[in-house]
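A.B. asks: Curious how this folds, go ahead:
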Amino acid sequence: MHQNITRWEKRDGPIFLRKIGLKPGQKILDFGCRVGHYTIPAATVARKQGLVYAVDKEQYALSELKRKAAAYNLTNIRIMKTSGQMQLALKDECIDVVLLYDVLHYSRKNERTELYKEIFRVLEQGGLLSVYPKHTAQDDPLMELQHLNVSDIRQEIQDSGFAFNRKYFATISHDNGLNKGCILNFRKGAK
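C.D. replies: Numbering: from 1, shown residues only. Okay, here's the model as predicted:
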């Protein structure tokens with residue numbers, strides 16, 4: 001399992017993130033980043049001229065991410081600890097890409113709506129919102145998404161002003177292993 005995650009962070013993750021639209025030089029927000037299974041590959045793709053904001057409320061996870069970033073010699077990661085609030089200390093329209101991977105199941109509908117509004121605020125016009133809606137009714141149902149399906153999540157995000165762009169199916173990181181998953185990409189302001 002550990003070897004798979006190391007391979008994911010070094011090789012497979014950057015390949016996957018390029019495929020869904022990440023590019024060198026971008027400013028990327030990884031909301032609910034945990035120990036960085038997406039932050040590390042995103043920082044690799046963004047390169048030194050890009051920047052990844054890694055947001056989480058768990059200090060132990062952020063400390064592990066900081067350790068891993070140092071081990072990978074990545075200096076383009078900015079760690080942002082929150083206390084669980086949806087508002088971020090970022091300027092309007094300053095982010096190119098937002099990753100919402102395996103986090104939505106923690107939030108009730110009204111909290112998700114608040115999160116989508118905040119993402120809309122910080123995402124630049126035409127920016128990419130990429131969502132991994134794990135724990136829906138079809139994919140290991142859990143917590144707040146257990147009675148929703150992927151099309152419900154897609155509609156929720158579209159109702160918040162985002163335009164659906166594309167759906168991807170891939171083997172991706174989930175917790176400390178790999179998992180087949182569905183990724184939904186949206187654009188801000190692109191109809």
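
A.B. asks: what ranges do the helices span in the protein?
C.D. replies: Taking DSSP state H as the criterion, the chain contains helices spanning 2-7, 13-20, 39-46, 59-71, 109-122, 150-159.

A.B. asks: Of the ones you listed, flag the one that's most buried.
C.D. replies: Mean neighbour count (mean count of other Cβ atoms under 10 Å) peaks for helix 39-46 among these, with a mean of 26. Bear in mind the C-beta positions are built from the backbone N, C-alpha and C, glycine included.

A.B. asks: distance of residue 111 from residue 85?
C.D. replies: Relative to residue 85, residue 111 is positioned 10 Å away (Cβ to Cβ, to the nearest Å).

A.B. asks: quick one on the thing from earlier: make TSV out of the helices of the chain and add mean pLDDT and distance to residue 136.
C.D. replies: Below are these laid out as TSV (pLDDT from 0 to 100; distance: least, Cβ to Cβ, whole Å):
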stretch	mean pLDDT	distance to residue 136
helix 2-7	86	23
helix 13-20	97	19
helix 39-46	98	23
helix 59-71	96	23
helix 109-122	95	13
helix 150-159	95	6
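
A.B. asks: Identify the bridge partners of the residue most central in space within the chain.
C.D. replies: Note on the chain: the residue nearest the mean C-alpha position is residue 99, at 2.1 Å, using Cα atoms, centre = their mean. For residue 99, the beta-bridge partners are residue 30, residue 130 (DSSP bridges).

A.B. asks: Correct me if wrong: it contacts residue 130.
C.D. replies: Yes - contact criterion Cβ atoms under 8 Å: residue 99 and residue 130 qualify, at 5.4 Å.

A.B. asks: Can you verify my assumption that residue 185 contacts residue 127?
C.D. replies: No - here residue 185 does not reach residue 127: they are 11.0 Å apart, not a contact under Cβ under 8 Å.

A.B. asks: Between these two, tell me which one has more neighbours.
C.D. replies: The neighbour count for residue 185 versus residue 127, taken as other Cβ atoms under 10 Å, is higher for residue 127 (24 against 18).

A.B. asks: pLDDT at that one, what is it?
C.D. replies: Confidence at residue 127, expressed as pLDDT, is 97.
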